[in-house]
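Chemist: what shape does this take:
(chains A and B)
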Amino acid sequence: MSNTGFIILAIIVFLVIVFFAMYNYLISLKNKVQRSKSNIEVFLKKRFDLIPNLESTIKGYVKHEKELLESITKLRTDYEHNKDIKTANELNEKINSLIAVAESYPELKANELFLKLQKELAEVEDDIQAVRRIYNNSVNNYNTKIQQFPMVLLAKMLGYKEEEFLKFETEKVEVKF
Amino acid sequence: MGRISLIAIVILMITLFLLAIFGKTKSKNNIKTTSNAEEFDKYFDENLKEEAKQMKVEGVEKKQTSPAVIFVIIFVLLPLTSTAISSFVSLLQGRYEYIFQVIAVVPLAAFIIVLFKNNSKLTAAYKNKVIANMLHDHFEGSVYSPNQGIPTSEFSLKKYLPHYNEYYTEDLLILPFRDKKITLADVLLIDEQTDSDGDTTRTVVFRGLVGYFDLKETKLEHDLYVGNCLSLNKNIKMDSEVFKKNFNVISKEEVQAYKILTPANMEKLLELKKEIPTIALLIDKSFTPNRLYFCFQQHAFFEYVKDKEENSKALAYTHDLLEKIIKMCEVIEDEINDKLV
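Modeler: Just a heads-up that it's a prediction; the model follows:
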């Protein structure tokens, strides 16, 4: 093979290596986004799984909040079917509202089971806040990379599109006793 | 035989002289520093408060015996004494003469050794009296041990710092500070490397204060390090560009790191870094109870020039720094207590 042939071969090999490196990097970014999204769902499920215990603990005390309790049950069922983020946000808000309502019931505040549940819910809420930030950060990194040259060429070739950021709902309600 | 003993004595004298001058190669005052310490020195000179700028914090003036004195002792006094004794014992016959020549060297050699040992005793005596009293003024209730430090087994930050092979620590200070019991010490880390040509380079990896205090029992799953380092451990990318540029975050648990490093806490850490550029924190779960370590690079904490007023200013400045650091540590501690207890 002539010198020119070797040079062309070397360039082709180099380009192939670069292509694979970029491809692998893009895949790792996309997987990180997927993983973060999955983590959010895991923690949301963990929080929502506490709802039955919460309902049974406070049912006897908050008789006048029947509508709130029913909407929570309905939303939970909807979320289990469609895993929609909007439904999850709405359900989270309702849980926080329910906990806030419990403030006005002194007997409930003294209930050990309720306090334990409240602590668990708060812990999971902290986890959810953290994984949401992680998700948005990974989306930001991913979107930035697929918009930058030369990754933009590869992304268009593979049909990779930008991911959407999570919009946070209102801040979690802080329950003070 | 007389010629042989003379040669032996001359060799002994030269050896003693060389040992006296070059024997303390591992003293930290003889370190050839590289950019780590030089950059910090530059920061120290540019950014200290006005009164601190006037301080000369280059290490205590130890009473060193000058080479000239050593020369006189070994090459003048020693032979004179030896000759005098030899002359005296030349009255003795045969081998006794040579034995006494050698014995004459021993007291002088012992005198030289004791002279050097007294240098370090003087420094410890100075610290125990002068520095300890000043520390009591600035750090009420503190317990100061100049010859003790943080044992290497408790120096958890080693996992997150560049490679080193020499560890020095001294000036242990245990003090009650803002309702906590803080343990502080001077630490010096050196990396000595010898290349294929036989040239040895000694790099100061870290020189400054290391401290820690106990946390309540936590649900921490992994350690969390926030600082600057060249470690190859997993690096967590936080969601603040400014924070990413200024701090490395290392932990095996990303969610835990994000829980503790909230946007508000990241802002506070960035503010602290403006005052103390080399600050690093470590939440260490390997101890029971868990510990929060902090460290920052600084000139030797307890060794200043022998001017009481300047020493006092330096200690006051260090007290302020510690106040800010502990305040930040408390913010982190509160976050942990809120979310991980």
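
Chemist: so where do the helices sit in chain A?
Modeler: A:3-48, A:51-58, A:66-82, A:85-102, A:106-109, A:112-147, A:151-158 (DSSP state H).

Chemist: ah, wrong one, I meant the stretch 51-200 of chain B
Modeler: Shown for the stretch 51-200 of chain B, the helices assigned by DSSP state H, counting those that start in this stretch span residues B:67-72, B:78-89, B:95-126, B:132-138.

Chemist: least reliable of those helices by average pLDDT, please.
Modeler: Within those, the stretch with the lowest mean pLDDT is helix B:95-126, showing a mean of 61.

Chemist: give the bridge partners for B:Leu173, please.
Modeler: For B:Leu173, the residues forming beta bridges with it (DSSP bridges) are B:Tyr144, B:Leu184.

Chemist: what does the stretch 151-300 of chain B put close to chain A?
Modeler: Residues of the stretch 151-300 of chain B lying close to chain A (Cβ under 8 Å from any Cβ of the partner chain) are B:Lys237, B:Met238, B:Asp239, B:Glu254, B:Val255, B:Gln256, B:Tyr258, B:Lys259. (Each C-beta comes from the backbone N, C-alpha and C, glycine too.)

Chemist: contacting residues for the fifth one?
Modeler: B:Val255 is in contact with A:Asn39, A:Asp127, A:Ala130, A:Val131, A:Ile134, counting by Cβ atoms under 8 Å, 6 or more residues apart in numbering or on different chains.

Chemist: want to throw those into TSV with distance to A:Lys167?
Modeler: Converted to TSV, those look like this (distance: Cβ to Cβ, whole Å):
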residue	distance to A:Lys167
A:Asn39	18
A:Asp127	19
A:Ala130	17
A:Val131	15
A:Ile134	16
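
Chemist: format the residues you listed as JSON lines; extra columns: neighbour count and pLDDT.
Modeler: Converted to JSON lines, those look like this (neighbours: other Cβ atoms under 10 Å in any protein chain shown; pLDDT from 0 to 100):
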{"residue": "A:Asn39", "neighbour count": "19", "pLDDT": "92"}
{"residue": "A:Asp127", "neighbour count": "22", "pLDDT": "92"}
{"residue": "A:Ala130", "neighbour count": "23", "pLDDT": "93"}
{"residue": "A:Val131", "neighbour count": "25", "pLDDT": "93"}
{"residue": "A:Ile134", "neighbour count": "25", "pLDDT": "95"}
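
Chemist: when you check chain B, which of those residues turn up near it?
Modeler: The overlap between the contacts of B:Val255 and the neighbourhood of chain B (criterion: Cβ under 8 Å from any Cβ) consists of A:Asn39, A:Asp127, A:Ala130, A:Val131, A:Ile134.

Chemist: max pairwise distance over those residues: which two?
Modeler: Looking at the ones next to chain B among the contacts of B:Val255 by Cβ to Cβ, the two members farthest from one another are A:Asp127 and A:Ile134, with 10.4 Å of separation.

Chemist: separation between the spatially closest residue to A:Val152 that is not a sequence neighbour and B:Ile236?
Modeler: Setting aside the residues directly before and after it, A:Val152 is nearest to A:Ile146 in space (Cβ to Cβ, 6 or more residues apart in numbering or on different chains), at 6.2 Å. Taking Cβ to Cβ, to the nearest Å as the criterion, A:Ile146 is separated from B:Ile236 by 22 Å.

Chemist: now do the buried residues in stretch B:186-206.
Modeler: Residues of stretch B:186-206 classed as buried under the neighbour-count rule (16 or more other Cβ atoms under 10 Å in any protein chain shown) are B:Asp186, B:Val187, B:Leu188, B:Leu189, B:Ile190, B:Asp191, B:Arg202, B:Thr203, B:Val204, B:Val205, B:Phe206.

Chemist: ok, of these, which one's closest to chain A?
Modeler: B:Phe206 (30.4 Å; Cβ to the nearest Cβ).

Chemist: pLDDT score assigned to the spatially most central residue of chain A?
Modeler: Nearest to the mean C-alpha position of chain A, counting by Cα atoms, centre = their mean, stands A:Ile40 at 2.9 Å. Reading off the confidence values, A:Ile40 has pLDDT 90.

Chemist: isn't it right up against A:Ala130?
Modeler: No: using Cβ atoms under 8 Å as the test, A:Ile40 is too far from A:Ala130 to be in contact (9.9 Å).

Chemist: low-confidence ranges in chain A?
Modeler: Per-residue confidence of chain A (counting by pLDDT under 70) places the weak regions at A:1, A:62-64, A:168-177.

Chemist: need the residues of it near chain B, please.
Modeler: Counting by Cβ under 8 Å from any Cβ, the residues of chain A close to chain B are A:39, A:123, A:126-127, A:129-131, A:133-134, A:136-137, A:140-141.

Chemist: need the max-distance pair from those.
Modeler: Comparing the members of the residues of chain A next to chain B, the greatest separation, given Cβ to Cβ, is between A:Glu123 and A:Asn141, at 27.4 Å.

Chemist: what about those two, which has more around it?
Modeler: In this comparison of A:Glu123 against A:Asn141, neighbours counted by other Cβ atoms under 10 Å in any protein chain shown, the higher total goes to A:Glu123 at 19 against 15.

Chemist: now do the contacts for that one.
Modeler: By Cβ under 8 Å, 6+ apart, the contact list for A:Glu123 reads B:Lys339.

Chemist: do A:Leu98 as well
Modeler: A:Leu98 makes contact with A:Leu54, A:Ile58, A:Val62, A:Glu65, A:Leu68, A:Leu69, A:Ile72 under the criterion Cβ under 8 Å, 6+ apart.

Chemist: and it, how far is that from chain B?
Modeler: Distance check for A:Leu98 against chain B: by Cβ to the nearest Cβ, to the nearest Å, it reads 21 Å.

Chemist: just the strands in the stretch 101-250 of chain B please.
Modeler: B:143-145, B:166-177, B:180-194, B:200-214, B:224-227, B:235-236, B:248-251 (DSSP state E, counting those that start in this stretch).

Chemist: is stretch B:324-339 in proximity to chain A?
Modeler: Yes: Stretch B:324-339 comes into contact with chain A (Cβ under 8 Å from any Cβ), by way of B:Lys339.

Chemist: can I get that stretch as PDB, trimmed to CA atoms?
Modeler: Extracted as PDB, the C-alpha positions of stretch B:324-339 are listed here (Å, rounded to 0.1, in the frame of the first residue of the first chain):
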ATOM      1  CA  LYS B 324     -16.300  31.000  60.100                       C
ATOM      2  CA  ILE B 325     -15.300  27.400  59.300                       C
ATOM      3  CA  ILE B 326     -17.200  26.000  62.300                       C
ATOM      4  CA  LYS B 327     -20.200  28.000  61.400                       C
ATOM      5  CA  MET B 328     -20.200  26.400  58.000                       C
ATOM      6  CA  CYS B 329     -19.700  23.000  59.500                       C
ATOM      7  CA  GLU B 330     -22.700  23.600  61.700                       C
ATOM      8  CA  VAL B 331     -24.800  24.400  58.600                       C
ATOM      9  CA  ILE B 332     -23.800  21.100  57.100                       C
ATOM     10  CA  GLU B 333     -24.400  19.400  60.500                       C
ATOM     11  CA  ASP B 334     -27.900  20.800  60.700                       C
ATOM     12  CA  GLU B 335     -28.600  19.600  57.200                       C
ATOM     13  CA  ILE B 336     -27.500  16.100  58.200                       C
ATOM     14  CA  ASN B 337     -29.500  16.200  61.400                       C
ATOM     15  CA  ASP B 338     -32.500  17.300  59.500                       C
ATOM     16  CA  LYS B 339     -32.300  14.700  56.800                       C
END
